[in-house]
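*Asks:* Provided below for reference: sequence and predicted model.
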Amino acid sequence: MTAEKITWRSIIPGCCYKSSAADSTRQVQDKRTPFLQQRLSIKDVISDPSFADDLSNSFVGLNLHVFSLAELQAITNNFSWSNMLGEGGFGPVYKGFVDDKLRPGTLKAQPVAVKLLDLDGLQGHTEWLAELVFLGQLRHPNIVKLIGYCCEEEHRLLVYEYIARGSLEDQLFRRYSAALPWSTRMKIAVGAAKGLAFLHEADHRPVIFRDFKTSNVLLDSDYTARLSDFGLAKDGPEGEETHVVTRIIGTQGYAAPEYIRTGHLTTKSDVYSFGVVLLELLTGKRALDRTRRSREQCLVEWARPLSKDPRKLNRIMDPRLEGQYPTKGARKAAALAYTCLSRNPKARPMMSDVVMILESLQDFKEALTFGPFVYVAPKEEKDGNEGNGDYKCGYLPLKKIPKRKLI
Ligand SMILES: Nc1ncnc2c1ncn2[C@@H]1O[C@H](COP(=O)(O)OP(=O)(O)OP(=O)(O)O)[C@@H](O)[C@H]1O
Ligand SMILES: [Mg+2]
């Protein structure tokens, strides 16, 4: 087991200094270090006592701005209710606006989102630090950009670029707005898949996102998907390792069955969660909804068996689409969701395969001209029972984790 139950005070007491005027105008940047040659892992950060002295020294080369609490209070109108964008397990998120006088020459005037750690909440410094370590180093068009942070006494804040349309959860499930058209849903799926493929397969130690769900996919004004919320992310297995062992944490309805059963985490756990979100995009239904009839409450239990059968597709497709989708494209997307949700993790595709398949669906006619891409999934292992009864969103005993994170 990795030692995760470490209190923030024991990790980096030295970062909790009061920002001086000099600190607050400093950008965490060192011209001598073009970029960190190798990605820092969260373990490196926790185990190296030198990180304890001064976080800003530890993140040289990352182009992160260090903000004081007073500065963030000023840009969010004193964390006023009217600036609040939403609230998750970590704490509330506020909209703010930085003008070009705050960090002249290094930070352009722009709207930002400021996430404030709820000091009475159940997530804490470890999640804040994980978000800082991962997002500070991972830059990709489908990952939200971290602009900076504040670590002052017990206060922990993160400052991101503001993503105009908020979360996919709001856009997909909000009742009083127009339904997202098919092409937009597929664009979102491709963007999110590219973000995960980058985490899993790019030229760095794999990162397992661990909390992939609609509320953690933010949408730009042109519906480009941006993954957010790396507080639960983990460094993936290295070398001979096949998985990482960790406490079971995530969001009910999205977490892979083998992870819930064993605590063994792989990149294929994210592929499963992606399959759940893809089903949500197709059906317009939430992963878990206690207000639905009992056999439909868990989306995967209900929709996965139907997604396998092209003749039953219309039983699961979102009625708000009013039939405005290409049947063949929708069938392929449903078949892809089915494979991502395989009980056997090895039978799930890599995220780069998912990207290719989804890209081929974006303009289905065009894809046919060039010949359809066929993904051949590895055969399910014998013990990888595909029966519907295997998919249970059922509760496990409550752990000391926020209710929205409960599996
Ligand atoms: N960079 C951002 N730009 C715009 N809105 C944002 C940004 N980051 C977060 N939000 C908004 O704040 C809300 C809360 O985000 P947060 O990630 O803290 O919680 P959550 O995803 O709803 O829940 P959980 O803690 O389970 O992940 C989001 O749903 C989104 O609407
Ligand atoms: Mg979130």
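*Replies:* That came in fine, so what should we check first? Ligands and ions are numbered 1, 2, ... in the order given.
*Asks:* close to ligand 1: what parts of the stretch 151-300 of the chain are there?
*Replies:* Y160, Y162, I163, G166, S167, D170, S215, N216, L218, S228, D229 (Cβ under 6 Å from any ligand atom). Bear in mind the C-beta positions are built from the backbone N, C-alpha and C, glycine included.
*Asks:* can we see that at 5 Å?
*Replies:* Proximity of the stretch 151-300 of the chain to ligand 1, by Cβ under 5 Å from any ligand atom, involves residues Y160, Y162, I163, G166, S167, S215, D229.
*Asks:* got the contact list for the last one?
*Replies:* Meaning D229. G88, F90, E131, D211, S215, N216 (Cβ atoms under 8 Å, 6 or more residues apart in numbering).
*Asks:* mind redoing it with 6 Å?
*Replies:* N216 (Cβ atoms under 6 Å, 6 or more residues apart in numbering).
*Asks:* got a list of contacts for stretch 190-197?
*Replies:* 142-143, 217, 224-225, 227, 270, 351-352, 354-355, 358-359.
*Asks:* can you narrow those to ones near ligand 2?
*Replies:* Among the contacts of stretch 190-197, no residue sits close to ligand 2 (Cβ under 5 Å from the ion).
*Asks:* out of those, list just those in strands.
*Replies:* V217, A225, L227 (DSSP state E).
*Asks:* please parse this protein into its domains.
*Replies:* 8-161, 168-398 (automatic domain parsing).
*Asks:* quick one, phi psi at the residue of the stretch 51-200 of the chain found nearest ligand 2?
*Replies:* In the stretch 51-200 of the chain, the residue that lies nearest ligand 2 is G88 (4.4 Å; Cβ to the ion). The phi/psi pair for G88 (degrees, to the nearest 10) reads phi -120, psi -160.
*Asks:* I'd like to know how far it sits from G231.
*Replies:* Note on G88: its distance to G231, by Cβ to Cβ, to the nearest Å, is 9 Å.
*Asks:* same question, V66
*Replies:* Counting by Cβ to Cβ - V66 and G231 are separated by 20 Å.
*Asks:* those two - which one has more neighbours?
*Replies:* Using other Cβ atoms under 10 Å, the more surrounded residue of V66 and G231 is G231, with 27 against 24.
*Asks:* residue contacts, that one?
*Replies:* Taking Cβ under 6 Å, 6+ apart as the test, what G231 contacts is F90, E127, A130, E131.
*Asks:* redo that, cut-off 7 Å
*Replies:* F90, Q123, E127, A130, E131 (Cβ atoms under 7 Å, 6 or more residues apart in numbering).
*Asks:* next: G166.
*Replies:* Applying Cβ under 7 Å, 6+ apart, the residues near G166 are L85, L218, L219.
*Asks:* bridged to the last one, which residues?
*Replies:* Going back to what we said before, that points to L219. A225 (DSSP bridges).
*Asks:* touching, it and R165? I think so.
*Replies:* Yes: counting by Cβ atoms under 7 Å, R165 is a contact partner of L219 at 3.9 Å.
*Asks:* any idea which of the contacts of G231 the model trusts least?
*Replies:* Within those, Q123 has the lowest pLDDT, namely 67.
*Asks:* circling back to that earlier point, L219 and R165: who's more crowded?
*Replies:* Legend: neighbour count by other Cβ under 10 Å for L219 and R165, higher for L219 (24 against 15).
*Asks:* and P92, how close does it get to ligand 1?
*Replies:* 8 Å (Cβ to the nearest ligand atom, to the nearest Å).
*Asks:* cool, and A233?
*Replies:* Distance from A233 to ligand 1, by Cβ to the nearest ligand atom: 12 Å.
*Asks:* for that residue, grab phi and psi.
*Replies:* phi -60, psi 150.
*Asks:* and the helices in the stretch 101-250 of the chain?
*Replies:* Along the stretch 101-250 of the chain, the stretches classed as helices by DSSP state H, counting those that start in this stretch are 125-137, 168-173, 182-201.
*Asks:* rebuild those as TSV, extending it with mean neighbour count.
*Replies:* Below are those laid out as TSV (neighbours: other Cβ atoms under 10 Å):
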stretch	mean neighbour count
helix 125-137	23
helix 168-173	20
helix 182-201	23
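*Asks:* before we move on, back to that, can you put the contacts of G231 in JSON lines and add distance to I248?
*Replies:* Output for the contacts of G231, formatted as JSON lines (distance: Cβ to Cβ, whole Å):
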{"residue": "F90", "distance to I248": "19"}
{"residue": "Q123", "distance to I248": "15"}
{"residue": "E127", "distance to I248": "16"}
{"residue": "A130", "distance to I248": "17"}
{"residue": "E131", "distance to I248": "20"}
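*Asks:* any low-confidence regions in the stretch 301-407 of the chain?
*Replies:* 363-407 (pLDDT under 70).
*Asks:* counting neighbours, which of the residues of the stretch 151-300 of the chain next to ligand 1 comes out on top?
*Replies:* In those, the most neighbours by other Cβ under 10 Å go to D229, 24 neighbours.
*Asks:* flag every residue of the protein that's near ligand 2.
*Replies:* G88, S215, N216, D229.
*Asks:* could you measure the closest residue to ligand 2 within the chain against K115, distance?
*Replies:* Proximity to ligand 2, evaluated over the chain using Cβ to the ion, is greatest for D229 at 3.6 Å. Distance of D229 to K115, computed by Cβ to Cβ: 9 Å.
*Asks:* again with R331
*Replies:* Taking Cβ to Cβ, one finds R331 at 39 Å from K115.
*Asks:* these two - which one has more neighbours?
*Replies:* K115 (26 against 17).
*Asks:* just checking, the more buried one touches L157?
*Replies:* Yes: between K115 and L157 there is a contact at 6.5 Å, judged by Cβ under 7 Å.
*Asks:* which residue comes closest to D100 once chain neighbours are left out?
*Replies:* Leaving aside its chain neighbours, D100 sits nearest to A109 (4.3 Å; criterion: Cβ to Cβ, 6 or more residues apart in numbering).
*Asks:* again with S273
*Replies:* S273 sits nearest to F212 (Cβ to Cβ, 6+ apart), 3.9 Å away.
*Asks:* ok, of the helices of the stretch 101-250 of the chain, where does mean pLDDT dip lowest?
*Replies:* helix 125-137 (a mean of 87).
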